[in-house]
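K.L.:
any chance you could fold what I've pasted below:
(chains A and B)
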Protein chains: 2
Amino acid sequence: MVSFAKRMDGIKASDIRALLALAARPEIISFAGGLPAPELFPVQQMKAAYDAVMDENGSVALQYGQTEGWLPLRQQIADRLAVKNDIHTDPANILITAGSQQGLDFVGKLFLNPGDVVVMESPSYLGAINAFRQYEPNFVEVPTDENGMIMEELDKVLANTPNVKLIYVIPDFQNPSGRTWPLERRKQFMEIINKYEVPCVEDNPYGDLRFKGEFLPALKSMDPKELIIYFGTFSKILSPGVRVGWTVTSAAINEKLNLIAQASVLQPSTINCMAVSKYLDMFDVDAHVATILPVYKHRCELMMNTIRETFPAEAKFTDPDGGLFTWVELPERINTRELAAIALEKGVAFVPGDGFYPDGKTKNCMRLNYSCSTDEKLVEGVKRLAAVIKEALG
Amino acid sequence: MVSFAKRMDGIKASDIRALLALAARPEIISFAGGLPAPELFPVQQMKAAYDAVMDENGSVALQYGQTEGWLPLRQQIADRLAVKNDIHTDPANILITAGSQQGLDFVGKLFLNPGDVVVMESPSYLGAINAFRQYEPNFVEVPTDENGMIMEELDKVLANTPNVKLIYVIPDFQNPSGRTWPLERRKQFMEIINKYEVPCVEDNPYGDLRFKGEFLPALKSMDPKELIIYFGTFSKILSPGVRVGWTVTSAAINEKLNLIAQASVLQPSTINCMAVSKYLDMFDVDAHVATILPVYKHRCELMMNTIRETFPAEAKFTDPDGGLFTWVELPERINTRELAAIALEKGVAFVPGDGFYPDGKTKNCMRLNYSCSTDEKLVEGVKRLAAVIKEALG
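P.N.:
The predicted model follows:
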């Protein structure tokens, strides 16, 4: 008899993927995805990078490579982290992953026995919940406000919860809420986790996508006890299709993550690591990011202005300083999963918020993506959504 | 306190990777790896494929894609499997993985609770043992002879072992033994697993690399109950650096593997899937494989002839009809792990056999790779090894 492992009881299809399939119909205006704007990809530059790799080093690029990933790329990442994020690490403590999702899987595998506790912001990234759920933990959610995780609540949770093995946070332009932690909260957070000595994933896919306000330091730059497992990725600043992300950890954790990577996947794609490395050699990735920022800033402001003009007063929302998402909170009597079905009929898609809560109990929120729409669609989509919400509010 | 999950107790560094690091020193003649010959990679053709993808469809290639992988590639794989292997499947039941190692991890995750039993050939692929070990199973080894798994022994194991959740086999040019199951054993195997209804991974990375003897049908082509989880890969016929493999399963298993892929890694690399697909469109992969075969045949024969000329009579070995490896069995008093250290001092590297046995108890075997050496090194390396073995035999 074919029977599946117990862990499969908890592994469900992602709402986002299911919705994206529907939202991909051409007549739908979709705020459901989390895609970078494809018209901004540096296609010709990336082509030149692949060409150069193949011309200079083709038989290396097509061959097996290191589990930890192409060393020159890890050196470039270390150099960039030092300059931009004040994170100082040896490339030996960087592991290239096939996107940050793979890092989440590896970290779950490394830390979590069934029944162990993962502490997260409430709400948090659906993909992280799904990755960790494979290892059958219990989730404890820490309440948030417009400035992200409430640190007094985190302290209470850690003081009162046994078996907390891992904390997962996104301090910059969080997915889904679009919120960013101020400096004071970051310092408080580090004090608290240093007190309890719990390892913590700082997932930072959006940090470079700040189009307003002042740069804030990464938790990893304030981490003398090396409790922070820092995740970066090229997905949002260069290309998600190459699947190149990375983790920065202590030597002890990195050694274990390498063993997991070896057993799980042998290595990342040699050619993609080399092409990203060559791109960083040949071109200025920060100059490329500088071409993205005004576009996202414009789209964000257009969405937010249209929301302010058209949404009913009962709707609250984040005004993000960067990243890809805003988050709308409606009165508690509104179920956004039901609303999403109605909105799809009216030709507009969003992701209902309940999937971003491990307990699934908060039903009145929605995530809206602005990075991937034209001006016309942004305005028209928000107007349609406003009408759907007003109709639901009655 | 930072503490790791219980599963980490069983996750150790791979011998192959540790040895490869030493064997990579330029003065060492290495038979330790399992690398395709890099001078045979179709570098210019692959460059043309990446170029065409970027010119025609660059912003799609750099964007997020489907969890299951680029549909045209899955259609091409389905078409090729039908023609070459008499395996008939809908592309919807193919999942692209980042190499077969990722498929092994996904299958372990899908089927194995701690304490469940995985049945394998004795010896079997070290990477599969490591992938499954992450899910804390017990391994039961089925004895083999020069024709692979002994089916009467398999029947006994399945009759007498509770909680067998998965069988793992490599019927063609097995890693590490180089052995191939004859047709009669394949039929017996299918009868047996149909009787017990246990799902089975048929890992077939080397099937296309037959340079002697007659083609033998895949287990998957004789699988009316859809118990076979078939693994294929482009690693050995095109490039391991692109990390593109695939699984072919029943719709029910495929649906679960897709959920795992989504939670573990979101998707394979869009650009690599599209480049491999484009390569298959633009060029004739079988014509490329036809350029590999005579080289591997020659290297294999040169290694085997030199072994026959120089090894002591007590050494037994496989004479492979394809693939990358031969397997040498020495008298039981010889410990090949100790021998490997001595051989390294004499400038030749191989992988000691004990890592290929889940119980690690068989100490007198070694795996030799012939695909990746020049004629001169093949002869010189085997001669040095012969001297080391003779010295050890006394």
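K.L.:
enumerate every residue touching residue A:105.
P.N.:
A:131, A:134, A:264, B:263, B:264, B:265 (C-beta atoms under 8 Å, 6 or more residues apart in numbering or on different chains). Placement of C-beta: from N, CA and C, glycine included.
K.L.:
chain center to the helix or strand containing it: distance?
P.N.:
Taking DSSP states H and E as the definition, one finds residue A:105 inside helix A:100-111. The chain centre lies 13 Å from the centre of helix A:100-111; the measure is C-alpha atoms, centre = their mean, to the nearest Å.
K.L.:
before we move on, what about stretch A:207-217?
P.N.:
15 Å.
K.L.:
picking up where we left off before, next SSE downstream of the helix holding residue A:105?
P.N.:
Using DSSP H and E, the first helix or strand after helix A:100-111 is strand A:117-122.
K.L.:
only C-alpha atoms, please: export that next one in CSV.
P.N.:
Presented in CSV, the C-alpha positions along strand A:117-122 are these (Å, rounded to 0.1, in the frame of the first residue of the first chain):
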residue,chain,number,x,y,z
VAL,A,117,7.9,26.2,18.5
VAL,A,118,8.6,28.7,15.7
VAL,A,119,7.9,32.3,16.7
MET,A,120,6.8,34.7,13.9
GLU,A,121,5.3,38.1,13.3
SER,A,122,1.5,38.0,13.0
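K.L.:
near chain B at all, that strand?
P.N.:
No. On the criterion C-beta under 8 Å from any C-beta of the partner chain, strand A:117-122 is out of touch with chain B, staying 12.1 Å away.
K.L.:
each with direction, which strands does that strand pair with?
P.N.:
strand A:138-145 (parallel), strand A:164-169 (parallel) (DSSP bridges).
K.L.:
mean confidence score for the last one?
P.N.:
Taken as a whole, strand A:164-169 has an average pLDDT of 98.
K.L.:
list the residues that contact the closest residue to residue A:154 other than its chain neighbours.
P.N.:
Excluding the flanking residues, the one nearest residue A:154 by C-beta to C-beta, 6 or more residues apart in numbering or on different chains is residue A:142, at 4.9 Å. Residues near residue A:142 by C-beta under 8 Å, 6+ apart: A:119, A:120, A:121, A:122, A:149, A:150, A:153, A:154, A:157.
K.L.:
in contact with the residue lying closest to residue A:371 once chain neighbours are set aside, which residues?
P.N.:
Among residues not flanking residue A:371 along the chain, residue A:324 sits closest, at 4.5 Å (C-beta to C-beta, 6+ apart). Residues near residue A:324 by C-beta under 8 Å, 6+ apart: A:34, A:36, A:173, A:175, A:206, A:209, A:236, A:296, A:369, A:370, A:371.
K.L.:
excluding its backbone neighbours, what's nearest the second one?
P.N.:
Read it as residue A:36. Nearest non-adjacent residue to residue A:36 (C-beta to C-beta, 6+ apart): residue A:236, at 5.7 Å.
K.L.:
is it fair to say that neighbour lies in a helix?
P.N.:
No. Counting by DSSP: H, G, I helix; E, B strand; the rest coil, residue A:236 falls outside a helix, being coil.
K.L.:
ok, it touching residue A:209?
P.N.:
Yes. Between residue A:236 and residue A:209 there is a contact under C-beta atoms under 8 Å: 6.1 Å.
K.L.:
who's more crowded, those two?
P.N.:
residue A:236 (25 against 22; other C-beta atoms under 10 Å in any protein chain shown).
K.L.:
show me which residues of the one helix or strand residue A:45 maps to are buried.
P.N.:
Assessed by DSSP H and E, residue A:45 sits inside helix A:43-61. Buried residues in helix A:43-61, defined by neighbour count with 16 or more other C-beta atoms under 10 Å in any protein chain shown: A:43, A:45-54, A:57-61.
K.L.:
same question, stretch A:19-26
P.N.:
Neighbour-count burial for stretch A:19-26 [16+ other C-beta under 10 Å]: A:19, A:20, A:23.
K.L.:
again with stretch A:311-325
P.N.:
Quick answer for stretch A:311-325 (16+ other C-beta under 10 Å): A:311, A:315, A:317, A:318, A:320, A:321, A:322, A:323, A:324, A:325.
K.L.:
repeat for stretch A:66-74
P.N.:
Quick answer for stretch A:66-74 (16+ other C-beta under 10 Å): A:66, A:67, A:68, A:69, A:70, A:71, A:73, A:74.
K.L.:
sorry, back to before: what confidence value was assigned to the residue nearest to residue A:36?
P.N.:
For residue A:236, the predicted pLDDT is 97.
K.L.:
same question for residue A:22.
P.N.:
pLDDT, residue A:22: 79.
K.L.:
same deal with residue A:19?
P.N.:
73.
K.L.:
what helix or strand is it located in?
P.N.:
Going by DSSP H and E, residue A:19 is in helix A:15-23.
K.L.:
how about residue A:256?
P.N.:
Residue A:256 belongs to helix A:251-265, assigned by DSSP H and E.
K.L.:
which parts of that helix are buried?
P.N.:
A:253, A:254, A:256, A:257, A:258, A:259, A:260, A:261, A:262, A:263, A:264, A:265.
K.L.:
mean confidence score for the helix holding residue A:105?
P.N.:
Mean predicted confidence for helix A:100-111 is 98.
K.L.:
now the angle from that helix to helix B:251-265?
P.N.:
90 degrees (axes from the mean of the first three to the mean of the last three C-alpha atoms, to 10 degrees).
K.L.:
output helix A:100-111 as PDB, restricted to C-alpha atoms.
P.N.:
What follows is helix A:100-111, C-alpha atoms only, in PDB (Å, rounded to 0.1, in the frame of the first residue of the first chain):
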ATOM      1  CA  SER A 100      15.500  32.000  -0.100                       C
ATOM      2  CA  GLN A 101      12.700  29.500  -0.100                       C
ATOM      3  CA  GLN A 102      15.300  26.700  -0.200                       C
ATOM      4  CA  GLY A 103      17.000  28.400   2.800                       C
ATOM      5  CA  LEU A 104      13.800  28.300   4.700                       C
ATOM      6  CA  ASP A 105      13.400  24.600   4.000                       C
ATOM      7  CA  PHE A 106      17.000  24.000   5.100                       C
ATOM      8  CA  VAL A 107      16.600  26.000   8.300                       C
ATOM      9  CA  GLY A 108      13.400  24.200   9.200                       C
ATOM     10  CA  LYS A 109      15.200  20.900   8.600                       C
ATOM     11  CA  LEU A 110      18.100  22.000  10.800                       C
ATOM     12  CA  PHE A 111      16.200  23.200  13.800                       C
END
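K.L.:
residue A:148 contacts residue A:178, doesn't it?
P.N.:
No. Look at residue A:148 against residue A:178 with C-beta under 8 Å: they stay out of range, at 10.3 Å.
K.L.:
so for these two, which sits in the more crowded spot?
P.N.:
The neighbour count for residue A:148 versus residue A:178, taken as other C-beta under 10 Å, is higher for residue A:178 (27 against 22).
K.L.:
distance of residue A:169 from residue A:336?
P.N.:
Here residue A:169 is placed at a distance of 24 Å from residue A:336 (C-beta to C-beta, to the nearest Å).
K.L.:
these two: who's more crowded?
P.N.:
With neighbours defined as other C-beta under 10 Å, residue A:169 and residue A:336 compare such that residue A:169 has more, 27 against 24.
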